[in-house]
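Participant: what follows is a predicted protein model with its sequence.
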Amino acid sequence: MNSISVNKFRDNLKCFVEQVVNEHLPLKVTRRSGEDFIIVSAEDWEREQETLYVLQNSDLMRQIATSTATHTQKTGYTPTDGEMDEITGV
C-alpha cells in the first residue's frame with residue numbers, strides 16, 4: 001500500500017482519488033499527529049464488507065468448506081449443460 005502525507009493528498013486530491021478508484025489499491029494518508037487514514041473506493045469497501053460478513057458467518061463458512069470438500073472429491077452436484085449455459089450466460 002502506498003503512503004503519502006496529508007498535505008500531498010490535499011494538494012492532489014482529484015489525482016489520488018482517481019488512482020484509488022481506477023487501480024483498486026488503497027492509499028494510506030499520514031498526518032503529523034500520527035492519526036493516519038486509508039482511502040479506498042466505495043466498490044472495494046463494499047467488497048471487503050461482503051467478505052467480512054461471509055467470514056463471520058459460521059453457517060456460510062461451513063457450507064463453503066463442505067462445497068470445497070465435495071468438489072475436491074468430485075462427489076458434489078454436477079450441473080447439466082443447460083444449467084451451465086444459464087450460469088455462464090451462454
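Facilitator: Perfect, thanks for sending it.
Participant: show residues contacting stretch 83-90.
Facilitator: Stretch 83-90 is contacted from outside by Pro79, using Cβ atoms under 8 Å, 6 or more residues apart in numbering. C-betas here are computed from N, CA, C, even on glycine.
Participant: avg pLDDT for it?
Facilitator: The average pLDDT within stretch 83-90 is 88.
Participant: try stretch 33-50
Facilitator: Mean predicted lDDT for stretch 33-50 stands at 95.
Participant: kindly report the same for stretch 54-62.
Facilitator: The average pLDDT for stretch 54-62 rounds to 95.
Participant: extract the CA atoms of that stretch and return them as CSV.
Facilitator: Written as CSV, here are the backbone C-alpha positions of stretch 54-62 (Å, rounded to 0.1, in the frame of the first residue of the first chain):
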residue,chain,number,x,y,z
VAL,A,54,-19.1,-14.3,5.0
LEU,A,55,-16.0,-14.9,7.2
GLN,A,56,-18.0,-14.0,10.3
ASN,A,57,-21.0,-16.2,9.4
SER,A,58,-20.2,-19.7,10.6
ASP,A,59,-23.1,-21.3,8.6
LEU,A,60,-21.8,-19.9,5.3
MET,A,61,-18.2,-20.9,6.1
ARG,A,62,-19.4,-24.4,6.9
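Participant: what's next to that stretch, contact-wise?
Facilitator: Contacts of stretch 54-62 (Cβ under 8 Å, 6+ apart): Ile64.
Participant: how far away from the center of its chain is that stretch?
Facilitator: Chain-centre distance of stretch 54-62: 17 Å, with Cα atoms, centre = their mean, to the nearest Å.
Participant: same check, this time on stretch 40-60
Facilitator: 7 Å.
Participant: buried residues, it. List them.
Facilitator: Of all the residues in stretch 40-60, those buried under the rule 16 or more other Cβ atoms under 10 Å are 40-41.
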